[in-house]
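Chemist: how would this look folded up:
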Amino acid sequence: MGLFSLEQSRFAYRADFALYGVAALLLAGHVAWVTPQAQWLSALRMVVAGLVAWTLTEYLLHRFVLHGVSPFRDWHAEHHRRPAALICSPTIFTGTLFIFTVYLPAWWVFGLNGARAFTLGMMTGYLGYATMHHALHHWRSRSSWFGALKRRHALHHAGQGPSRYFGVTSTIWDIAFGTLRGAAARRD
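Modeler: Numbers count the residues shown, from 1 in each chain. Below is the predicted model of the structure:
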């Protein structure tokens, strides 16, 4: 499996989770260490803002890029054809995106401390997304909440589904933009 391959080996696929987990922990430690105690509440707000921004980013990327823009649409279609395959964006690609589309713009807008905290929120959201997406395709649970998420995501993968249920970690944007509909939406 190459550095830029979409279908990952088990090692590379698991390494992505480990690398992002370690990066998030290190960034959280760094934010806590360098942020003056008087600014911790402000830093926490920026982390939460990053988490919320992640949910919107996840929705928009999934709906408009992965289902609308070549070559991403074609790559994502392969995931829809083989949902249990270990297909994901290579870590080098997502890491580069984090630097250039999250951290550097946040530094320009919020300053260094704000950028660290905002990026921590976005990165934590991404890690939550990756974990949830993996769980939806590979884990079993008796939880009714998890079952509802699995049904919704399975509907996204099936037939007419790709035009709805774009949120993986949250349904808030599907509700806001009218892409949460059908029997699964009524049951939840």
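Chemist: helices or strands up against the host helix or strand of A117?
Modeler: Using DSSP states H and E, A117 sits in helix 104-138. Secondary structure elements in contact with helix 104-138, counted by 3 or more C-beta pairs under 8 Å, 6 or more residues apart in numbering; DSSP states H and E, are helix 10-34, helix 40-60, helix 144-157. The way it works is simple: take the backbone N, C-alpha and C, and place the C-beta from them, glycine included.
Chemist: out of these, which comes closest to G111?
Modeler: helix 40-60 (10.0 Å; C-beta to C-beta).
Chemist: Can you check what angle separates the following helix or strand past that closest one from helix 104-138?
Modeler: The element immediately downstream of helix 40-60 (helix or strand, assigned by DSSP H and E) is helix 72-81. Helix 72-81 and helix 104-138 are oriented at 20 degrees to each other (axes from the mean of the first three to the mean of the last three C-alpha atoms, to 10 degrees).
Chemist: mean confidence for helix 72-81?
Modeler: Across helix 72-81, pLDDT averages out at 82.
Chemist: Can you give the contact residues for that helix?
Modeler: L6, E7, V65, L66, H67, A85, I87, H157, P162 (C-beta atoms under 8 Å, 6 or more residues apart in numbering).
Chemist: which parts of the very next helix or strand once past that helix are buried?
Modeler: As assigned by DSSP H and E, the chain's next helix or strand after helix 72-81 is helix 91-97. The neighbour-count check on helix 91-97 (16 or more other C-beta atoms under 10 Å) flags T91, T94, G95 as buried.
Chemist: Quick one: find the helix or strand in this protein with the lowest mean pLDDT.
Modeler: One helix or strand of the chain scores below all others by mean pLDDT, DSSP states H and E: helix 183-187, with a mean of 44.
Chemist: Quick one: low-confidence residue ranges for the protein.
Modeler: Scanning the chain for pLDDT under 70 picks out 1-5, 159-162, 182-188.
Chemist: same thing but 80
Modeler: Along the chain, the parts satisfying pLDDT under 80 run over 1-7, 87, 90, 158-163, 181-188.
Chemist: Please pick out the residue of it most distant from its centre.
Modeler: A38 (30.7 Å; C-alpha atoms, centre = their mean).
Chemist: Lovely, talk soon.
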